[in-house]
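K.L.:
please work out how this folds:
(one chain, ligands or ions: 1)
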Amino acid sequence: MIERRTGSDQAFDSMASAAPLAAEAPARAPRVLLGISGGIAAYKSADLVRRLIERGAEVRVVMTEAARAFITPLTLQALSGHPVRSELLDPEAEAGMDHIALARWADQVVIAPATADLIARLTHGLANDLLTALVLATQAPLTLAPAMNQQMWAHPATQENIARLVARGVRLLGPASGSQACGEVGAGRMVEPVEIAAAMLPVSGGGLRGVQVLMTVGPTREAIDPVRFIGNRSSGKMGYALAAALQQRGAQVTVVAGPTSVAPALGLECVAVESALEMEAAVMGRVAECDLFIAAAAVADYRPEAPALAKIKKDADSIALRLVRNPDILARVAALDRPPFTVGFAAETDQVEAHARAKLKAKRLSMIAANQVGAGEGGFESDRNALVCLWCDGRRELPMMPKPALAAALAALIEERYGAQTAG
Ligand code: C5P
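P.N.:
Predicted coordinates for the structure are as follows:
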């Protein structure tokens, strides 16, 4: 049930918005509505979208008319994966997600940059464009990251407006001090996107602090000859997103990665490999130091028995390629005398849960995360996915959501299960 709240309740909410995400895996991604008003700092809002998504949020963007002069809606649409709205009375949008639905959709609203003009309009409760109307219509806590010339920030009109908004429960991030785009120096710079994202979506107490995680990520390539290989469609997106989510929970993460085009998160130790045998060697050489091993790679099950030393010429009408089994890296790790907490993935086309539970037992894993592939949404190259996670006496479903959000939910669940095992 949704209830209207008083000003003091909203002040409480705005503090609650800074409370850590629950340690328990959330049922869905946190929803952040990002408002952008027209200042030069708007170019940084593109990065903010990425940072919020990296922390597991689903993001929708609303721009003021002036913001569109600084950054194109197309950039923000491409980054957020959703159309960007600016018009209050847009017949097409109002038929789908109208402004009231958008106001209700949001768990949190952040306006970054918030200009002096926007702050003044919010103070007076104007609703003369979509963004200000949304702020009036939403019950979600509101955060502002002001950005403007230092004189405009220092002006009594702006300071009085800000004081009234803060008294109403609006949360203020910044502004920071320093050199400004206008050439002046002082308070008025927008707080950096990474800091805004961290303030909006803090991760719970870092329950994985000090925990060493070793992961495999991406596909492997099995050489046929010096130019050709057998590969697969794994993009590495889920693996790298999970690595970043575990890092945010305090873990020290090392990734043994097959070739992908994903840019790893900062601070991630990466070991680049190509084949399953190289991946196995890199893992076995490091596994003794890890507490948690996560096999997110799509390891080729077979490799050419004898890769040709020179490029194979296309003289023959047909050629035969003899393949031999690759080692199962995950099963090897789980079979160690003192195995780490092991997490595997299972991509299944049918009877997902039954097959995954059989693998959990056969490979003697601590936990397995299974998803349906080959039908509908989700899977290897998709940006969205859903998982059912199983352990010896339990299960949890993580519903269809963007991969970074799913990775954040899975990291929370891994922390929970790892904690339960080490406590028990
Ligand atoms: O048996 P299946 O290939 O479905 O198991 C998938 C899980 O096992 C994944 O976690 C994958 O990373 C891991 N695996 C592995 N080495 C292999 C094959 C799979 O580590 N050779």
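K.L.:
mind checking the SS state of L122?
P.N.:
helix (DSSP: H, G, I helix; E, B strand; the rest coil).
K.L.:
contacts only, for it.
P.N.:
Counting by CB atoms under 8 Å, 6 or more residues apart in numbering, L122 touches A114, T132, V135, L144, N161, L165, V170. In this view, the C-beta of every residue, glycine as well, is placed from N, C-alpha and C.
K.L.:
any part of the biggest helix by length in the chain near the ligand?
P.N.:
Across the chain, the longest stretch assigned as helix under DSSP state H is helix 403-423. No. Helix 403-423 does not reach the ligand (CB under 6 Å from any ligand atom); its nearest approach is 12.7 Å.
K.L.:
mean confidence for that helix?
P.N.:
Over the span of helix 403-423, the pLDDT mean works out to 90.
K.L.:
which ones among the contacts of L122 map onto helices?
P.N.:
Of the contacts of L122, the ones assigned to helices by DSSP H are T132, V135, N161, L165.
K.L.:
before we move on, the earlier item: go through the longest helix of the chain and flag the buried ones.
P.N.:
For helix 403-423, a neighbour-count test (16 or more other CB atoms under 10 Å) marks 403-418 as buried.
K.L.:
stretch 110-121 too?
P.N.:
Applying a neighbour-count criterion of 16+ other CB under 10 Å, one finds V110, I111, A112, P113, A114, T115, A116, D117, L118, I119, R121 buried in stretch 110-121.
K.L.:
what does stretch 258-277 give?
P.N.:
G258, T260, V262, P264, A265, L268, V271, V273, E274, S275, A276.
K.L.:
against Q212, how distant is the first one?
P.N.:
With the distance defined as CB to CB, to the nearest Å, G258 ends up 21 Å from Q212.
K.L.:
and for the fifth one?
P.N.:
When distance is defined by CB to CB, A265 is 17 Å away from Q212.
K.L.:
tell me the buried residues in stretch 339-349?
P.N.:
Neighbour-count burial for stretch 339-349, with 16+ other CB under 10 Å as criterion, is recorded at P340, F341, T342, V343, G344, F345, A346, A347, E348.
K.L.:
state the mean pLDDT of that stretch.
P.N.:
Throughout stretch 339-349, pLDDT has a mean value of 95.
K.L.:
quick revisit: which of the buried residues of stretch 258-277 sits closest to the ligand?
P.N.:
A276 (5.7 Å; CB to the nearest ligand atom).
K.L.:
got the contact list for the closest residue to the closest one other than its chain neighbours?
P.N.:
Excluding its sequence neighbours, the residue lying closest to A276 (CB to CB, 6 or more residues apart in numbering) is N326, at 4.0 Å. Going by CB under 8 Å, 6+ apart, N326 touches T220, E222, A276, L277, E280, V299, A300, D301, Y302, R303.
K.L.:
counting neighbours, which of those residues comes out on top?
P.N.:
T220 (28 neighbours; other CB atoms under 10 Å).
K.L.:
for the ligand, give me its nearest residue in the stretch 101-250 of the chain.
P.N.:
T216 (5.7 Å).
K.L.:
wait, that residue sits on G236?
P.N.:
No. Counting by CB atoms under 8 Å, T216 stays clear of G236, with 10.1 Å between them.
K.L.:
okay, and the beta partners of Q108?
P.N.:
Under the criterion DSSP bridges, Q108 forms beta bridges with V32.
K.L.:
what's around it, how many residues?
P.N.:
Q108 has 23 neighbouring residues, counting by other CB under 10 Å.
K.L.:
and what of H355?
P.N.:
Count around H355 with other CB under 10 Å applied: 16.
K.L.:
strands of the stretch 51-200 of the chain, start to end?
P.N.:
Using DSSP state E, counting those that start in this stretch, the strands of the stretch 51-200 of the chain run over 58-63, 108-114, 142-146, 171-172, 176-179, 185-189.
K.L.:
packing partners for the first one?
P.N.:
What that stands for is strand 58-63. In terms of contacts (3 or more CB pairs under 8 Å, 6 or more residues apart in numbering; DSSP states H and E), strand 58-63 is packed against strand 31-36, helix 45-54, helix 73-80, helix 99-105, helix 130-137.
K.L.:
kindly report the same for the fifth one.
P.N.:
Using 3+ CB pairs under 8 Å, 6+ apart as the contact criterion, the elements in contact with strand 176-179 are strand 185-189.
K.L.:
which elements pack onto the strand it packs on?
P.N.:
helix 150-154, strand 176-179.
K.L.:
neighbouring contacts of the longest one?
P.N.:
Contacts with helix 150-154, where a contact means CB under 8 Å, 6+ apart, come from A116, P146, T158, Q159, P175, Q180, E184, V185, G186, A187, G188.
K.L.:
what's the closest non-adjacent residue to R50?
P.N.:
Spatial nearest neighbour of R50, excluding adjacent residues (CB to CB, 6+ apart): L79 at 5.9 Å.
K.L.:
export the buried residues of stretch 110-121 to CSV and tack on distance to the ligand and pLDDT?
P.N.:
As requested, the buried residues of stretch 110-121 are arranged in CSV below (distance: CB to the nearest ligand atom, whole Å; pLDDT from 0 to 100):
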residue, distance to the ligand, pLDDT
V110, 36, 98
I111, 42, 98
A112, 38, 98
P113, 43, 98
A114, 45, 98
T115, 48, 98
A116, 53, 98
D117, 52, 98
L118, 48, 98
I119, 50, 98
R121, 52, 98
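K.L.:
as JSON lines, those with distance to P202 would be great.
P.N.:
As requested, these are exported to JSON lines (distance: CB to CB, whole Å):
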{"residue": "V110", "distance to P202": "14"}
{"residue": "I111", "distance to P202": "19"}
{"residue": "A112", "distance to P202": "17"}
{"residue": "P113", "distance to P202": "21"}
{"residue": "A114", "distance to P202": "21"}
{"residue": "T115", "distance to P202": "26"}
{"residue": "A116", "distance to P202": "28"}
{"residue": "D117", "distance to P202": "30"}
{"residue": "L118", "distance to P202": "25"}
{"residue": "I119", "distance to P202": "25"}
{"residue": "R121", "distance to P202": "29"}
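K.L.:
looking at the contacts of N326, spot the one nearest G394.
P.N.:
Of all the contacts of N326, G394 sits closest to V299, with 26.4 Å by CB to CB.
K.L.:
get me the contact residues on the stretch 101-250 of the chain for the ligand.
P.N.:
Residues of the stretch 101-250 of the chain lying near the ligand by CB under 6 Å from any ligand atom: T216.
K.L.:
give me the low-pLDDT residue ranges for the stretch 101-250 of the chain?
P.N.:
Flagging of the stretch 101-250 of the chain using pLDDT under 70 yields the residue ranges 204-205.
K.L.:
cheers, nothing more for now.
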